[in-house]
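Engineer: what's the 3D shape of this:
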Amino acid sequence: MKIDDVKSQAFAMPLTCPSYPRGPYRFVDREFLVITYRTDMDALKAVVPEPLEVTEPIVKYEFIRMPDSTGFGDYTESGQVIPVSFEGKTGGYVHAMYLNDDSPIAGGREIWGFPKKLAEPALRVEKETLLGTLDCGSVRVATGTMGYKHSTLDLEAVAKSLAAPNYLLKIVPHVDCSPRVCEIVEYYIEDLTVKGAWGGPASLELAHHALAPVAQLPVLEVLSGTHILTDLTLGLGRVVFDYMND
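Structural biologist: Numbers count the residues shown, from 1 in each chain. Next up, the predicted model:
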């Protein structure tokens, strides 16, 4: 293969058989269980990178079921999003995500910089309860429960909250393990349709795990539970801060 061939074909690893197709990526019937809770402010400040600013001691713990996604197939993920501010805009910093499919792990990390790791999340209905779980091997790391569709939420308000900017810390190492890419990426959800949104009583339990440290942001008080069903497109991002050129 000639040098020009490599340059023209190179998109993702591996060169001759990328782990995922080019985006953007469309998700149909993407389902969220979001449990919002109050945590320790000092713990938040210890994990949110400048120039992002922590605005309040709040974490959104998410369980997300994706049965139909372009290029990525059928998978589930779970993790923590922290409300932040950047240059006067409020949004969410994706702190940690755990999922059960190689293709979106590779694509999410390589394209956007999603902090994705392999684990076994699940989201399902058990009788009158919406149940989200996260297992790392044989260890149950997170359990979230919510009363199933107790109240209907305003769809426009939910859509507005999902339309806020999201932020990621993208890191790509050099061959000597120093950072070759280190930057804040901003992305948005696009072409959003909120098919339904519900509230209900919720609970969240987090367990300590050395390699899935979700409990480092402890649950001090559960504030709300939200169940959302959507169609959406995951927009490609843009770099808004480059640590290497700061």
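Engineer: show me what counts as buried in the lowest-mean-pLDDT helix or strand in the chain.
Structural biologist: Least confident helix or strand of the chain, by mean pLDDT, DSSP states H and E, is helix 3-9 with a mean of 93. Of all the residues in helix 3-9, not one is buried under the rule 16 or more other C-beta atoms under 10 Å. Quick note: C-beta positions are derived from backbone N, CA and C, even for glycine.
Engineer: that helix: what's the following helix or strand?
Structural biologist: strand 25-38 (DSSP states H and E).
Engineer: CA-only coordinates of that following strand, as CSV, when you get a sec.
Structural biologist: The C-alpha coordinates for strand 25-38 follow below in CSV (Å, rounded to 0.1, in the frame of the first residue of the first chain):
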residue,chain,number,x,y,z
TYR,A,25,-24.6,8.0,14.1
ARG,A,26,-28.4,7.8,14.5
PHE,A,27,-30.1,6.2,17.5
VAL,A,28,-33.7,5.0,17.4
ASP,A,29,-35.6,4.3,20.6
ARG,A,30,-32.7,5.3,22.8
GLU,A,31,-33.9,5.0,26.4
PHE,A,32,-32.5,6.8,29.4
LEU,A,33,-32.9,6.3,33.1
VAL,A,34,-31.3,9.4,34.7
ILE,A,35,-31.0,9.6,38.5
THR,A,36,-29.9,13.1,39.7
TYR,A,37,-28.2,13.2,43.1
ARG,A,38,-26.4,15.6,45.4
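Engineer: just after that strand, pick out the following helix or strand.
Structural biologist: By DSSP H and E, the next helix or strand past strand 25-38 is helix 41-45.
Engineer: show residues contacting that following helix.
Structural biologist: With C-beta atoms under 8 Å, 6 or more residues apart in numbering as the test, helix 41-45 has contacts from Val54, Pro57, Val59, Ile82, Gln216, Leu217, Pro218.
Engineer: recalculate using a threshold of 10 Å.
Structural biologist: The contact list for helix 41-45, computed with C-beta atoms under 10 Å, 6 or more residues apart in numbering, reads 53-59, 82-84, 93, 95, 216-218, 220.
Engineer: hmm, who's touching stretch 11-23?
Structural biologist: 1, 5-6, 9-10, 70-73, 102-108, 110-112, 233-236.
Engineer: what are the buried residues along that stretch?
Structural biologist: In stretch 11-23, counting by 16+ other C-beta under 10 Å, buried: Pro18, Tyr20, Gly23.
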